[in-house]
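Kindly return the folded structure for what I paste below:
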Amino acid sequence: MASIVARKVGSRKRETIYYVVYQDASGKQRWVKGFHDKRETEALAHHLEDEKVKLRRGDIDPKQEQRKSERAKSIEMHIAEYRASLEAKGNSPNHIAYTIKDIESFVAHAKVGHSSAVARPMVDRWVNTLLAAGADSRSTINRRVGSV
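Now for the predicted structure:
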């Protein structure tokens, strides 16, 4: 069962913010910041406990929940995370630079805000504009599409 913990905040410690302390589906203790109103925080605690029970029973797929949170990220955040993963793999700075530049070029052309908005026709239109410009060979364009 979740617990509600009150913490005083502010310079004079007159405001109270409630936190929900509960065990998640994997058994780890979590602290979730609630609201100034205790009833709203209790409602949040009930929601979190209900979600935990559904996860344990198998009513909610944890992978689907993870994909849902990934889709909610902005494209800039995805690009920053991808850059970090390329650096962590030990890729050369030149490879990282042109890969990220290709991705940013596509995002600027397609005008997308989230990665879930990217569709194959957008990539095809981008390829057609690259071909029409005539500045790149087909192998370079294929590399660019691979980056995206």
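
for this protein, longest strand please?
strand 15-23 (DSSP state E).

Tell me the helices and strands packed up against it.
strand 3-9, strand 29-33, helix 38-57 (3 or more C-beta pairs under 8 Å, 6 or more residues apart in numbering; DSSP states H and E). (C-beta placed from N, C-alpha, C; glycine too.)

if you compare the ones you listed, which one is most tucked away?
Counting by mean count of other C-beta atoms under 10 Å, helix 38-57 has the highest mean neighbour count of these, with a mean of 14.

Centre of the chain to that one, how far?
Chain-centre distance of helix 38-57: 22 Å, with C-alpha atoms, centre = their mean, to the nearest Å.

got it, and stretch 132-144?
30 Å.

How about stretch 105-119?
15 Å.

re earlier: list the buried residues of the longest strand of the chain.
Residues of strand 15-23 classed as buried by neighbour count (16 or more other C-beta atoms under 10 Å): 17-20, 22.

Quick check: bridge partners of residue 23?
residue 29 (DSSP bridges).

residue contacts, it?
29-30, 52 (C-beta atoms under 8 Å, 6 or more residues apart in numbering).

again, but for residue 86
Counting by C-beta under 8 Å, 6+ apart, residue 86 has contacts 95-96, 99-100.

And residue 102, by the same measure?
Neighbouring residues of residue 102 by C-beta under 8 Å, 6+ apart: 143-144, 147-148.

List buried members of these by neighbour count.
Using 16+ other C-beta under 10 Å, the buried ones in the contacts of residue 102 are 144, 147-148.

gap between the residue nearest to residue 19 when sequence neighbours are not counted and residue 62?
In space, and not counting its chain neighbours, residue 19 is closest to residue 5: 4.7 Å by C-beta to C-beta, 6 or more residues apart in numbering. Distance, residue 5 to residue 62, using C-beta to C-beta, to the nearest Å: 26 Å.
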